[in-house]
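Colleague: this one's structure only:
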């Protein structure tokens, strides 16, 4: 099997394919730089990040903190009933219950999270409330729901008719479950932002894998897995199959790679290689990372083709599609 050192050396040389690896893994990589070191910037996973970025950009352009921007940004996806992988309208678990996971982290290193949250649309905002109003980092299940309702978040049934119909069709067919690569742009929105003060924050929110086992929690509410922010270095977030991200502490690893001097895309690539090195099934799953360095350099990388991320800065909005192996 190709070592991580060999992998990075080969990738840096611009090799088109890594046939020496057991899976023939060649990650999808893309990079973009912001126009000025002091300019606000927001980046998010998948093409639906374009709309969410605009909401975040409104806050950043007004001079608001990055944390406010990412909360407002991901709220757009959470409230969209046609996005079946985030918030309202999310596909349910095997028992027909929609449960949400989310986390946030700010420039001070403060963090909050919720897991298996029911009946509240804006899980990322609840995660922020956990950070701001409690001595804890994460609340889960019935405790998270009670906290959210007590904090004034409105109660709402998250299972929409479309999502319920899809669930019932799945039940009627065979009720089998297997992760699907890039299924409907997958299951998570992760967002990173830097504000006019140069401070970083991030948020990650999801309804998780469709038809998951009741109680399943992926990477999305776990600081260091789905999201990590270090204001002196940079920030990273993940999307894709959460189990693979959790087992490699993915976003933390990406940030630590940048701390050691790697470019954002190189840092993401190395974290993905860690998955390949330790997971014999890596050829059949998707994981994508995006990262932003302290000075605004941005990179993204994925195990498989089909991953994209959206960027918004003072020059406008753009989506970067990264190609996988031929």
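Modeller: Alright, I've got the coordinates. For clarity, every value in this text was computed on a predicted model and none was experimentally measured.

Colleague: Show me what counts as buried in the host helix or strand of residue 144.
Modeller: Assigned by DSSP states H and E, residue 144 belongs to helix 141-150. Within helix 141-150, the residues that count as buried by 16 or more other CB atoms under 10 Å are 144, 145, 147, 148. No exception for glycine: its C-beta is placed from N, CA and C like everyone else's.

Colleague: Looking at the third one now. What's its pLDDT?
Modeller: On pLDDT, residue 147 comes in at 98.

Colleague: Strands of the stretch 51-200 of the chain, start to end?
Modeller: For the stretch 51-200 of the chain, the strands defined by DSSP state E, counting those that start in this stretch cover 100-105, 111-117, 138-140, 188-194, 200-206.

Colleague: do you know which of those strands lies nearest residue 311?
Modeller: Residue 311 lies closest to strand 188-194 among the strands of the stretch 51-200 of the chain, at 10.2 Å (CB to CB).

Colleague: quick revisit: closest one of the buried residues of helix 141-150 to residue 57?
Modeller: The closest of the buried residues of helix 141-150 to residue 57 turns out to be residue 148 (CB to CB; 27.0 Å).

Colleague: Tell me the spacing between the closest one and residue 122.
Modeller: Residue 148 sits 9 Å away from residue 122, going by CB to CB, to the nearest Å.

Colleague: Same check on residue 299?
Modeller: To residue 122, residue 299 is 29 Å away according to CB to CB.

Colleague: and the two? which has more neighbours close in?
Modeller: For residue 299 versus residue 122, neighbours defined as other CB atoms under 10 Å are more numerous around residue 299 (30 against 25).

Colleague: Do I have it right that that one meets residue 263?
Modeller: Yes. The pair residue 299 and residue 263 passes the contact test of CB atoms under 8 Å, sitting 6.2 Å apart.

Colleague: can you point me to the longest helix in the chain?
Modeller: Ranked by residue count and defined by DSSP state H, the top helix of the chain is helix 264-278.

Colleague: and it, how far out from the chain's middle?
Modeller: The chain centre lies 16 Å from the centre of helix 264-278; the measure is CA atoms, centre = their mean, to the nearest Å.

Colleague: Kindly report the same for stretch 95-112.
Modeller: Here stretch 95-112 is found 11 Å from its chain centre; the criterion is CA atoms, centre = their mean.

Colleague: Could you tell me the end-to-end distance of it?
Modeller: By CA to CA, to the nearest Å, the extent of stretch 95-112 from end to end equals 27 Å.

Colleague: Equivalent analysis for stretch 93-102, please.
Modeller: Stretch 93-102 stretches 16 Å from its first residue to its last (CA to CA).

Colleague: how about that stretch: buried residues?
Modeller: Neighbour-count burial for stretch 93-102 flags 93, 94, 98, 99, 100, 101, 102 (criterion: 16+ other CB under 10 Å).

Colleague: Reformat those residues into CSV and put pLDDT next to each item.
Modeller: Putting the buried residues of stretch 93-102 into CSV (pLDDT from 0 to 100) gives the following:
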residue, pLDDT
93, 95
94, 94
98, 98
99, 98
100, 98
101, 98
102, 98
